[in-house]
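**Q** All I have is the shape, not the residue letters:
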């Protein structure tokens, strides 16, 4: 199983020591480095800045939010980064959720799967550079339908370094996971658990079986973000993760539509997820975090002393996951490399 380093979201500013940790990840033989975006820092700029100091790790976005940019603008950034990195770039895309899409980007959210399909179709046209890009979809039209009426089909001036530049799709629900297997080169799960492996394996298999599917089990990547904390005190480890889980289960989505909450409900924590959401939305964030049982944390994270983590890793090795994406400082990455090797 490969290892990757996920820088994650910025808080009020750039994460301290990010470049040093990235360089350590490369020195340790990590396969990839990933950035994120929500409604603060973007995913492309930090990857280009810090990635310019690397030479071997793959550089990926986990994830670029599709509503933030037109498909052609995203394709331009991807082409540029792939050239500058010598063919090491991976374009990770995601639909995000209605709160961010409509509240921050001012774009409509309905029918995200159909919108994703059109978006990736256009991006791949740009990457292929076989003809001027045209599209007549429900969500995107090139040239634009209406306006001045003077739009002209265009081809990118930049020749792609790779026409088959990889696209990974972030997804949590079964329909979106199946879509990733059908039209993408990889799936970026969030809050994956070995106990949910068969559920996701079935969703991926459905996508692979569709006519025109790009990949199969043998060449499809599944890099999963997995919290890993090495310490003899398991409860103390869990306490470090609980606030983040409370945020996602309780606050990263509306009460009637929260995809992160749904992940834990499917995992068997329906009652807990409901309680956490109610507490968090009522402003009781600490109580919401405290309501998360250690077992739930252990289902989606690797925490505790090295021997415990080594034992639990076997279950992860038997899943669809191909890479573990870790967060933390250089010291944690060194411990992780030793444990996983």
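**A** Sure thing, it's come through. All of these numbers come straight from a predicted model, not from anything done at the bench. Numbers count the residues shown, from 1 in each chain.
**Q** Tell me how this structure divides into domains.
**A** Segmentation of the chain into domains, based on automatic domain parsing, reads 2-227+306-340, 232-304.
**Q** Export those domains as TSV, with columns for mean neighbour count.
**A** Every residue, glycine included, has its C-beta placed from N, CA and C. Output for these, formatted as TSV (neighbours: other CB atoms under 10 Å):
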stretch	mean neighbour count
domain 2-227+306-340	18
domain 232-304	18
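**Q** With mean pLDDT as added columns, please give those in TSV.
**A** Formatted as TSV, those follow (pLDDT from 0 to 100):
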stretch	mean pLDDT
domain 2-227+306-340	96
domain 232-304	94
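**Q** So residue 250 lies in a strand, does it not?
**A** No: the assignment for residue 250 by DSSP: H, G, I helix; E, B strand; the rest coil gives helix, which leaves it out of any strand.
**Q** Strands of this structure, start to end?
**A** Using DSSP state E, the strands of the chain run over residues 2-6, 32-35, 58-61, 64-65, 89-94, 135-136, 141-142, 167-170, 186-188, 223-225, 228-230, 302-304, 323-326.
**Q** what sits against the residue sitting nearest the centre point of the chain?
**A** Central residue of the chain (CA atoms, centre = their mean): residue 62, 3.7 Å from the mean position. Contact partners of residue 62, counting by CB atoms under 8 Å, 6 or more residues apart in numbering, are 6, 34-36, 43, 92, 168, 170, 188, 223, 225, 325.
**Q** what's the closest of those residues to residue 338?
**A** Using CB to CB, residue 325 is the member of the contacts of residue 62 that sits closest to residue 338, with 17.6 Å.
**Q** My guess is that closest one contacts residue 34. True?
**A** Yes: between residue 325 and residue 34 there is a contact under CB atoms under 8 Å: 6.0 Å.
**Q** Give the residues shared as contacts by those two.
**A** Residues touching both residue 325 and residue 34 (CB under 8 Å, 6+ apart): 4-6, 62, 223.
**Q** and the residue nearest to the residue nearest to the centre of the chain when sequence neighbours are not counted, bridged to which residues?
**A** With sequence-adjacent residues excluded and distances taken as CB to CB, 6 or more residues apart in numbering, residue 62 is closest to residue 34, at 4.0 Å. Using DSSP bridges, the bridge partners assigned to residue 34 are residue 6, residue 60.
**Q** residues contacting residue 139?
**A** 111, 114-115, 118-119.
**Q** cutoff 10 Å now
**A** 71, 107-108, 111, 114-119, 122 (CB atoms under 10 Å, 6 or more residues apart in numbering).
**Q** Which members of those are the farthest-apart pair?
**A** Among the contacts of residue 139, the pair separated by the greatest distance (CB to CB) is 108 and 122, at 17.5 Å.
**Q** remind me, longest helix of the chain?
**A** helix 112-128 (DSSP state H).
**Q** so what secondary structure elements neighbour it?
**A** helix 71-84, strand 89-94, helix 98-103, strand 135-136, strand 141-142, strand 167-170, helix 174-183 (3 or more CB pairs under 10 Å, 6 or more residues apart in numbering; DSSP states H and E).
**Q** by how many degrees do the first one and strand 89-94 diverge?
**A** Just to be clear, that refers to helix 71-84. Put simply, helix 71-84 runs at 150 degrees to strand 89-94, going by axes from the mean of the first three to the mean of the last three CA atoms, to 10 degrees.
**Q** just checking, what packs against helix 71-84?
**A** On a contact count with 3+ CB pairs under 10 Å, 6+ apart, helix 71-84 meets helix 44-51, strand 58-61, strand 64-65, strand 89-94, helix 112-128, strand 167-170.
**Q** tell me the angle of that helix relative to helix 44-51?
**A** 0 degrees.
**Q** what's the answer for the second one, then?
**A** Using the same axes, to 10 degrees, the direction of strand 89-94 lies 150 degrees away from that of helix 44-51.
**Q** I'd like the numbering to begin with 47 instead of 1 from here.
**A** Will do, 47 is the new start, and the previous item becomes strand 135-140.
**Q** Sheet partners, orientation included, of strand 135-140?
**A** Short version: by DSSP bridges, strand 135-140 pairs with strand 104-107 (parallel), strand 110-111 (parallel), strand 213-216 (parallel).
**Q** One more: the fourth one?
**A** Sheet neighbours of strand 181-182, with direction, are listed as strand 187-188 (antiparallel) (DSSP bridges).
**Q** hang on, the earlier thing: quick one: closest of the strands paired with strand 135-140 to residue 353.
**A** strand 104-107 (30.7 Å).
**Q** Can you get me the centre-to-centre distance for the closest one and its chain?
**A** How far strand 104-107 lies from its chain's middle: 11 Å, per CA atoms, centre = their mean, to the nearest Å.
**Q** repeat for stretch 71-85
**A** The answer for stretch 71-85 is 12 Å, by CA atoms, centre = their mean.
**Q** same question, stretch 296-316
**A** 17 Å.
**Q** can you check stretch 94-101 too?
**A** That offset, for stretch 94-101, works out to 20 Å (CA atoms, centre = their mean).
**Q** repeat for stretch 317-328
**A** 24 Å.
**Q** Among the shared contacts of residue 371 and residue 80, which one sits closest to residue 201?
**A** Among the shared contacts of residue 371 and residue 80, and counting by CB to CB, the member closest to residue 201 is residue 108, at 29.1 Å.
**Q** Could you pull up phi and psi at that closest one?
**A** phi -140, psi 70 (degrees, to the nearest 10).
**Q** Sweet, I'm off.
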